[in-house]
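Q: 3D model of this:
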Amino acid sequence: MKTGKRRWLLLLPLAALLAGFLAWMYHPRSLTATLRALGGDIQVIISTYEIRVEDHVAYPDGKGYPFIVEAGTEEYDALLALLEQYSWHEQINTLGGDGTINGTGRGDPKVNLGASVYSLAPKSAPSQGVLLICNYKGAPNARVDGNVCQLGLGDDNGELLLALAELFGVTNPQASP
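A: Reported below is the predicted structural model:
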């Protein structure tokens, strides 16, 4: 009987440690926490992706639309309000140092956009105040302050990218065949 109780006493802290790790990993984090903390102007670059076919060969074409959003303006408040509607959490496949944003996933194949949001305030670290959102080839990943992560449950990228494009007047190119 003593051996069984000891086993449970050893397993209980391990189970608590695992539960704590999973709670930390899947705890939703704010997309705007660092941007709000740093303050200052924000640069937004909306990128469009299209596939151009020449002689039966597909070539990716892209174009970037840069915008500077000044702090204290209505556009600044609208941008932060839009980003505040979304959260992010860590991804298990990137905890070991894999910093790549993969090209597979549940992203929306009809959204041919990407977005980069940078704080223009002086920063203490190069990755602070940086938000990159990808949907190229349906990749549902993003990068927030240097951390590769997932927005929401992994399918919020297309929705957020379309909302950002609408806010700045950029048109989503037609999905490639």
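Q: Going by C-alpha atoms from here, please, whenever you check contacts or count neighbours.
A: Fine.
Q: Now Gly39: closest residue in space that isn't a chain neighbour?
A: Nearest residue to Gly39, sequence neighbours excluded (C-alpha to C-alpha, 6 or more residues apart in numbering): Ala121, at 6.3 Å.
Q: and that neighbour, helix, strand or coil?
A: coil (DSSP: H, G, I helix; E, B strand; the rest coil).
Q: Around it, count how many other residues there are.
A: Residues near Ala121, counting by other C-alpha atoms under 10 Å, number 15.
Q: can you give me the strands for the chain?
A: Using DSSP state E, the strands found in the chain span residues 29-30, 42-54, 57-69, 87-90, 113-119, 130-133, 141-144, 147-151.
Q: Do I have it right that the residue nearest to Gly39 meets Gly40?
A: Yes: using C-alpha atoms under 8 Å, Ala121 is in contact with Gly40, at 4.9 Å.
Q: Now for the residue nearest the centre of the chain: which residues touch it?
A: Among the residues of the chain, the one closest to the centroid is Ala142, at 2.7 Å (C-alpha atoms, centre = their mean). If a contact means C-alpha atoms under 8 Å, 6 or more residues apart in numbering, then Ala142 has Ile101, Leu131, Leu132, Ile133, Cys134, Val148, Cys149, Gln150, Leu151, Asn157 as its contacts.
Q: I'd like to know how far Ala19 sits from Met25.
A: Distance of Ala19 to Met25, computed by C-alpha to C-alpha, to the nearest Å: 10 Å.
Q: same question but for Ala121, I mixed them up
A: 28 Å.
Q: Compute the number of surrounding residues for Asn147.
A: Residues within reach of Asn147, counting by other C-alpha under 10 Å, total 22.
Q: If I look at it, what pLDDT would I see?
A: Per-residue confidence at Asn147 stands at 76 (pLDDT).
Q: Relative to Gly4, how far out is it?
A: With C-alpha to C-alpha as the criterion, Asn147 and Gly4 are 42 Å apart.
Q: Then Gly72?
A: 63 Å.
Q: What of Leu164?
A: For Leu164, the distance to Gly4 - C-alpha to C-alpha - is 57 Å.
Q: Check Asp55 too.
A: To Gly4, Asp55 is 72 Å away according to C-alpha to C-alpha.
Q: Tell me the buried residues in the longest helix along the chain?
A: Criterion DSSP state H: the longest helix present in the chain is helix 2-26. The neighbour-count check on helix 2-26 (16 or more other C-alpha atoms under 10 Å) flags Met25, Tyr26 as buried.
Q: What of stretch 55-71?
A: Going by neighbour count (16+ other C-alpha under 10 Å), the buried part of stretch 55-71 is Gly64, Ile68, Val69.
Q: Please apply the same query to stretch 36-56.
A: Buried residues in stretch 36-56, defined by neighbour count with 16+ other C-alpha under 10 Å: Leu38, Gly40, Asp41, Ile42, Val44, Ile45, Ile46, Ser47, Thr48, Tyr49, Glu50, Ile51.
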